[in-house]
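Colleague: How does the following fold in three dimensions:
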Amino acid sequence: MNYTVIPKSIVNFQTGNSKPVDIYVWATIKCCSNHKTNISHVTEEKLSLLTGLDERTIRRVIKRLKDAGCLTVQTIVKEDADRGFIRRNSYYIKPTSKDYFFLDNSFFKRNYPAKIAGFLLLLKSVCLNNTDTIQWSNSQIAKSIGLSRCTAPQKLDTFGVFFMKYNYEIRLKAVKLVLEGGLSVREAGCHLGCGRSQVHLWVTLFERHGLAGLKLRHGSYSAEFKLSVLKHMHQNHLSLLETAVHFGIPGPFVIRQWERLYQNQGAEGLRRKPQRRRPAMSKSKTKKVKLKTTPHEELLKELEYLRAENAYLKKLQALVEERIVRESGKEPKPSKD
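Modeller: Numbering: from 1, shown residues only. Okay, the predicted model is just below:
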């Protein structure tokens with residue numbers, strides 16, 4: 001088969017802090033298993049080559065998966081004439097009956113780092129059926145796949161996960177459901193397929209800035225403005241959401257990024273570094289202009305050329321005669337000028 005059946009229950013693996021790495025190794029074992037018997041005889045050496053992890057790490061991961069009940073391991077020791085006693089593992093994975101997705105086997109050939117590959121599998125397991133869409137907030141995603149609420153947005157950005165941007169109509173509809181329809185922010189979020197915190201931000205922006213607050217877009221901010229935002233937030237002990245609403249910034253996580261840059265690099269880190277571009281090549285080429293010369297000027301140039309040629313020939317003749325003298329020991333004959 002060109003695909004592997006992955007159960008969505010991988011989000012429930014209780015293997016500790018290395019959960020994404022463990023899931024990727026588990027999925028690799030399943031990819032190398034017999035789809036009828038669900039038994040894999042893949043060696044630790046091959047798992048190391050497929051996942052990019054060393055064999056020692058592979059053994060630790062297999063132990064965690066075995067202890068967590070994610071797979072059954074049977075070890076057989078065989079004697080080899082050249083290599084001595086060899087330990088071989090056989091892995092048995094429970095068959096998947098429901099709530100699964102199909103993973104193209106080319107996924108294992110993309111050379112993702114094990115941590116990123118496992119993280120992507122976790123995200124895929126919480127997508128809507130037969131889609132690559134997640135209609136949850138960052139906190140809901142973090143809770144479902146075992147990430148902390150604070151690190152989820154950072155990891156999602158790092159691993160290249162993109163989220164749908166909600167247009168003005170959806171924002172306005174969410175605000176009306178809360179303020180006019182009497183729904184809670186959670187109920188409005190579930191109704192529209194967006195997060196509770198996102199709806200709460202739209203409602204707060206509307207209450208502070210009116211309809212203009214729902215039309216805010218991320219713009220280019222100067223380093224001085226970013227620094228003033230951070231100072232105001234800390235001096236007045238405001239949250240990220242309160243600061244975003246006060247300054248009309250459409251997303252509080254932007255302020256978190258500024259804060260992180262300031263802590264690591266100081267005020268210089270808040271300055272947007274322009275991308276270097278190659279200077280555009282000028283398409284216009286300078287044309288060589290040929291000046292017309294008179295017959296007299298042409299004769300002078302020809303005479304100058306002949307004089308130079310005559311001088312060169314004389315010098316060449318002198319060099320030849322000098323070499324002949326060195327080789328024969330005779331005096332050279334005087335040249336006729």
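Colleague: is it fair to say Leu120 lies in a helix?
Modeller: Yes: under DSSP: H, G, I helix; E, B strand; the rest coil, Leu120 sits within a helix.
Colleague: correct me, but it touches Pro113?
Modeller: No: taking CB atoms under 8 Å as the definition, Leu120 is not a contact partner of Pro113, at 10.6 Å. Placement of C-beta: from N, CA and C, glycine included.
Colleague: what's the helix or strand for Trp258?
Modeller: Using DSSP states H and E, Trp258 falls within helix 252-265.
Colleague: just checking, what packs against that helix?
Modeller: Counting contacts by 3 or more CB pairs under 8 Å, 6 or more residues apart in numbering; DSSP states H and E, helix 252-265 packs against helix 223-235, helix 240-247.
Colleague: buried stuff in the longest one?
Modeller: Burial within helix 223-235, assessed by neighbour count using 16 or more other CB atoms under 10 Å, is assigned to Ala223, Lys226, Val229, Leu230, Met233.
Colleague: Go through those and say which is closest to Leu103.
Modeller: Of all the buried residues of helix 223-235, Lys226 has the smallest distance to Leu103: 41.6 Å, by CB to CB.
Colleague: can you map out the helices along this structure?
Modeller: For the chain, the helices defined by DSSP state H occupy 19-31, 44-51, 55-67, 114-125, 138-145, 152-158, 168-179, 185-192, 196-209, 223-235, 240-247, 252-265, 295-328.
Colleague: just checking, what packs against the fifth one?
Modeller: Same thing as helix 138-145. Using 3+ CB pairs under 8 Å, 6+ apart, helix 138-145 sits against helix 114-125, helix 152-158, helix 196-209.
Colleague: would you list the ones you listed in JSON lines and tack on mean pLDDT and distance to Ile141?
Modeller: JSON lines is the format used below for the helices and strands packed on helix 138-145 (pLDDT from 0 to 100; distance: least, CB to CB, whole Å):
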{"stretch": "helix 114-125", "mean pLDDT": "85", "distance to Ile141": "7"}
{"stretch": "helix 152-158", "mean pLDDT": "46", "distance to Ile141": "6"}
{"stretch": "helix 196-209", "mean pLDDT": "83", "distance to Ile141": "12"}
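Colleague: Take these and write them to CSV, including mean neighbour count and distance to Pro20.
Modeller: Output for these, formatted as CSV (neighbours: other CB atoms under 10 Å; distance: least, CB to CB, whole Å):
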stretch, mean neighbour count, distance to Pro20
helix 114-125, 20, 3
helix 152-158, 17, 10
helix 196-209, 19, 24
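Colleague: closest to Gln263 out of these?
Modeller: helix 152-158 (13.7 Å).
Colleague: picking that back up, okay, the helices and strands packed on helix 138-145 in CSV with distance to Asp82 next?
Modeller: Converted to CSV, the helices and strands packed on helix 138-145 look like this (distance: least, CB to CB, whole Å):
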stretch, distance to Asp82
helix 114-125, 32
helix 152-158, 46
helix 196-209, 62
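Colleague: before we move on, back to that, chain center to the helix holding Trp258, what's the gap?
Modeller: Put simply, helix 252-265 sits 20 Å off its chain's centre (CA atoms, centre = their mean, to the nearest Å).
Colleague: next one: stretch 238-258
Modeller: On CA atoms, centre = their mean, the centre of stretch 238-258 falls 25 Å from the chain's centre.
Colleague: which residues sit against the helix holding Trp258?
Modeller: For helix 252-265, the surrounding residues in contact (CB atoms under 8 Å, 6 or more residues apart in numbering) are 153, 201, 218, 226-227, 229-230, 233, 239-241, 243-244, 249, 269-270.
Colleague: got it, and stretch 33-51?
Modeller: With contact meaning CB under 8 Å, 6+ apart, stretch 33-51 is reached by 1, 5, 24-25, 28-30, 32, 53-55, 58-59, 62, 88-95, 108, 114, 117.
Colleague: Give the buried subset of the residues you listed as a ChimeraX selection command.
Modeller: Remark: buried members of the contacts of stretch 33-51, expressed as a ChimeraX selection using 16+ other CB under 10 Å:
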select :24,25,28,29,30,32,53,58,62,89,91,93,108,114,117
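Colleague: if we can go back for a sec, any idea which of the helices of the chain has the lowest pLDDT on average?
Modeller: Lowest mean pLDDT within those: helix 152-158, at a mean of 46.
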